[in-house]
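>>> Dropping the sequence and predicted coords here.
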Amino acid sequence: MTATNQQARYFALLPAAGVGARMAANGPKQYLTVGGKPMLRHAVDAFRASALVAHTYVVVSPDDGVIDSVLPPELDGVTVLRVGGATRMDSVLNGLRALAGQLAEHDLVMVHDAARPGLTPALIAKLIDGVGDDPAGGLLALPVVDTMKRSAPGADGVSVSAATVPRNGLWSAQTPQMFSYALLLHALGSAPDANAITDDASAVEMLGLSPRLVEGHPRNLKVTLPADIRIAEMYLANEEK
Ligand SMILES: Nc1ccn([C@@H]2O[C@H](COP(=O)(O)OP(=O)(O)OP(=O)(O)O)[C@@H](O)[C@H]2O)c(=O)n1
Ligand SMILES: C[C@](O)(CO)[C@H](O)COP(=O)(O)O
């Protein structure tokens, strides 16, 4: 279906071209078996199960030799884009650019970490409902519940608390982060410093927009460190509606 001025459609874009250095596994963490299947398959299947999502795109490294066994070419509702880049932002931007002419400017793109296997169709629907037609877009996030400390180097190389950061108003960003195709392409394409862009919303904020914060769920954690796998599997064993 070509890009026309039809009603906005919803698409998923999953950056899955990382190496998982902090996981220190013997391969990229998105392919580790979590909850009985490769990690990235959980989020892909959540988008495929959502009646609101038109299609899912997964961005992997050009030399990825695993994806075809995890997402076989005949799997419906999903397309693999072999355009992963050096950073998460590069992978997302390359994926968006690869979709030129297939998505309309007003189509909504939900960027979701392949490393967040706990996503559910209900959370997808909650984000879509929470953002509505806000042109600034929005993201799933959780209000911070712990006290935040800003560290400083102490004696003997230890970290010490230099200050307590006021907790009120602090949220921990999750994904999906949802924006119109045109806005996200422009925001990431014009970001002044790729290293300052650790999530998609920060690029949109640099344009002066304020994306909506929609409360997510702890099950939607990003699997980053080895200890995160058991936590993710606990949630995956208990599908929340
Ligand atoms: N060059 C990159 C880096 C990351 N990602 C993706 O962005 C998501 C979030 O990134 P992160 O959790 O940091 O994954 P890694 O970069 O693989 O982990 P690490 O930083 O520990 O290497 C992951 O799904 C990862 O695959 C990507 O598509 N391209
Ligand atoms: C996008 C993100 O998951 C929001 O919290 C986070 O910024 C990704 O960071 P990472 O270092 O690329 O895992």
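Perfect, I can see it now. All figures in this text were calculated on a predicted structure; none of them were measured in a lab. Residues are numbered from 1 along each chain as shown. Ligands and ions are numbered 1, 2, ... in the order given.
>>> okay, CA-based contacts and neighbour counts for the rest of this
Will do.
>>> Output the contacting helices and strands for the host helix or strand of Arg230.
Using DSSP states H and E, Arg230 sits within helix 227-236. Here helix 227-236 is seen to pack against strand 33-34 when contacts are counted using 3 or more C-alpha pairs under 8 Å, 6 or more residues apart in numbering; DSSP states H and E.
>>> The strand it packs on - contacts with which helices or strands?
Checked by 3+ C-alpha pairs under 8 Å, 6+ apart, strand 33-34 has helix 227-236 packed alongside it.
>>> Please spell out which residues along the helix it packs on are buried.
Neighbour-count burial for helix 227-236 flags 229, 232-233, 235-236 (criterion: 16 or more other C-alpha atoms under 10 Å).
>>> need the residues of this structure near ligand 1, please.
Residues of the chain lying close to ligand 1 by C-alpha under 6 Å from any ligand atom are 15-23, 84-88, 91, 113-115, 224.
>>> Among those, name the buried ones.
15-18, 20, 23, 84-85, 87-88, 91, 113-115, 224.
>>> and which of those is nearest Gly208?
Arg88 (21.9 Å; C-alpha to C-alpha).
>>> so how far is Thr175 from the closest residue to that closest one other than its chain neighbours?
Leaving aside its sequence neighbours, Arg88 sits nearest to Pro15 (C-alpha to C-alpha, 6 or more residues apart in numbering; 6.7 Å). Noted for Pro15: a distance of 11 Å to Thr175, by C-alpha to C-alpha, to the nearest Å.
>>> ok, the most centrally placed residue in the chain to Thr120 distance?
Residue closest to the mean C-alpha point of the chain, counted by C-alpha atoms, centre = their mean, is His112 at 2.4 Å. Distance, His112 to Thr120, by C-alpha to C-alpha: 12 Å.
>>> tell me which parts of the chain are close to ligand 2?
Checking the chain against ligand 2 by C-alpha under 6 Å from any ligand atom, the hits are 88, 173-175, 198-199.
>>> Flag the least confident of those residues.
Among the residues of the chain next to ligand 2, Thr198 carries the weakest pLDDT, at 92.
>>> For the strand ranked longest in the chain, buried residues please.
Longest strand in the chain, counting residues (DSSP state E): strand 171-180. For strand 171-180, the neighbour count (16+ other C-alpha under 10 Å) marks 173-180 as buried.
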